[in-house]
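Asks: build me a model:
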Amino acid sequence: TYNSCHDNLTLWDKILYSQGSTDYNGSNGTFLAMNKLSAALVLTSQGVAFTQAGEEFARTKRGDENSYNTGDAVNKIDWTRISQYSSLREYYKGLRLIRQVYSPFTDGTNTSVGQSYFTGSNSVIAYTMQNKTANAANEWGTVAVIANNSASTQSVTLKASTTLPTSWATIVNGSSAGLKNLGTVTGTTISVPARTAMVLVDLASFNEKNIQGPTTPTTTTPSSGTVTWNTTKIKGFADGVSSEVIDGATSQITKIVEPEDGYEIVYAKVVSGGTDITSTAYNATTNTINFTRNGNAEITLIATQIPQ
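Replies: Just a heads-up that it's a prediction; the model follows:
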């Protein structure tokens with residue numbers, strides 16, 4: 001499902017063209033509402049959704065619908081538009097979050113689609129969907145998607161093959177999209193403002209699941225520590241014990257540890273964070289030490305003279 005791609009006009013340019021405008025850098029409220037409505041239709045469709053790079057901040061080619069030979073001035077992405085159209089960008093971001101946490105929107109089978117019920121009139125289309133995916137126990141239950149493409153407020157009565165909820169949490173309206181309740185709606189006849197999409201979640205499952213969105217993995221930077229070397233006849237080291245303090249930003253310890261001429265390493269041991277990691281940290285063939293430090297480390301290397 002898509003509404004713009006590298007061919008033909010960008011979505012923003014299509015909207016302006018349809019309205020007889022060339023205000024490519026403008027902030028007309030009607031045009032932005034139309035863009036949000038279009039995005040909501042794509043990102044609540046089942047299967048694979050496709051968007052053109054930069055669509056989320058009103059990418060423009062200034063009306064050029066066949067820009068294969070017009071150069072960077074037209075085809076490059078203008079990153080300054082990220083801040084200029086920040087509300088539009090946040091709207092796309094919220095829609096994508098919803099899409100991530102509600103499996104029926106990305107389900108390529110008819111498991112949940114088969115439980116959908118469409119209705120609508122007067123440039124309004126609506127459907128309800130029951131979550132029948134394998135993830136249903138951890139996700140919202142019933143969701144309603146409504147799109148009003150007309151220039152005036154419209155009402156639509158939701159329908160389903162089963163009894164519908166009578167209380168809904170609004171997670172998408174004409175201004176915002178995301179995982180927060182933007183307002184509670186009651187009943188099954190819904191009033192939708194002009195050029196607006198609404199996504200409703202049955203209030204019971206919305207409150208029960210309390211979905212916060214995907215978590216971002218965090219990388220823990222190791223604390224500073226000490227690497228202690230206990231060496232005998234190793235190039236670059238004095239015999240005996242030496243140590244160096246490693247700051248927290250340095251987690252990888254890599255060093256070539258060659259024996260002095262006429263000597264060979266007969267004993268090696270690498271301990272990091274109290275764990276013996278010699279088998280993975282020391283390579284006898286290449287005479288290298290290589291490991292990710294975890295706290296303090298102790299490295300012992302002993303070389304003896306090769307018999308004549």
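
Asks: which residues sit against stretch 174-182?
Replies: Stretch 174-182 has contacts (CB atoms under 8 Å, 6 or more residues apart in numbering) with 33, 36, 40, 87, 90-95, 97-98, 101, 169-173, 193, 195-197, 199, 206, 211-213. C-beta: built from backbone N, CA, C; applies to glycine.

Asks: same question but for stretch 79-89, I mixed them up
Replies: Asn25, Ser27, Leu32, Asn35, Lys36, Gly54, Glu56, Phe57, Ala58, Arg59, Ser175.

Asks: are any of those buried, and which?
Replies: Buried members of the contacts of stretch 79-89, counted by 16 or more other CB atoms under 10 Å: Leu32, Asn35, Lys36, Gly54, Glu56, Phe57, Ala58, Arg59.

Asks: for the last one, give me the pLDDT.
Replies: Translated: Arg59. You'll see Arg59 listed with a pLDDT of 94.

Asks: contact partners for it?
Replies: Thr10, Leu11, Trp12, Gln52, Ala53, Ile77, Asp78, Arg81.

Asks: just these now: which is nearest Gln130?
Replies: Nearest to Gln130 among these is Leu11, at 30.8 Å by CB to CB.

Asks: next up, the contacts around that closest one.
Replies: Contacts of Leu11 by CB under 8 Å, 6+ apart are Asn3, Ser4, Asn35, Ser38, Gln52, Glu55, Arg59.

Asks: now, which of the contacts of stretch 174-182 lie within strands?
Replies: Ala169, Thr170, Ile171, Val172, Thr196, Ala197, Val199 (DSSP state E).

Asks: of all pairs in the residues you listed, which one is the farthest apart?
Replies: Among those, Ala169 and Thr196 lie farthest apart (CB to CB), at 16.7 Å.

Asks: that older thread, wait, which of the ones in strands among the contacts of stretch 174-182 is closest to Leu301?
Replies: So of the ones in strands among the contacts of stretch 174-182, ranked by how close each gets to Leu301 (CB to CB), first place is Ile171, at 60.7 Å.

Asks: who's in contact with the closest one?
Replies: Ile98, Ala177, Gly178, Leu179, Lys180, Asn181, Leu182, Val199, Leu200, Val201, Phe206.

Asks: mark which of those are buried, thanks.
Replies: Ile98, Ala177, Gly178, Leu179, Leu182, Val199, Leu200, Val201, Phe206.

Asks: would JSON lines of these with pLDDT and distance to Gln154 be doable?
Replies: JSON lines is the format used below for the buried ones among the contacts of Ile171 (pLDDT from 0 to 100; distance: CB to CB, whole Å):
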{"residue": "Ile98", "pLDDT": "96", "distance to Gln154": "23"}
{"residue": "Ala177", "pLDDT": "96", "distance to Gln154": "20"}
{"residue": "Gly178", "pLDDT": "96", "distance to Gln154": "24"}
{"residue": "Leu179", "pLDDT": "95", "distance to Gln154": "26"}
{"residue": "Leu182", "pLDDT": "97", "distance to Gln154": "19"}
{"residue": "Val199", "pLDDT": "98", "distance to Gln154": "16"}
{"residue": "Leu200", "pLDDT": "98", "distance to Gln154": "15"}
{"residue": "Val201", "pLDDT": "97", "distance to Gln154": "21"}
{"residue": "Phe206", "pLDDT": "96", "distance to Gln154": "24"}
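
Asks: ok, of the residues you listed, which one's closest to Ala126?
Replies: Closest approach to Ala126 among the buried ones among the contacts of Ile171 (CB to CB): Leu200, at 9.6 Å.
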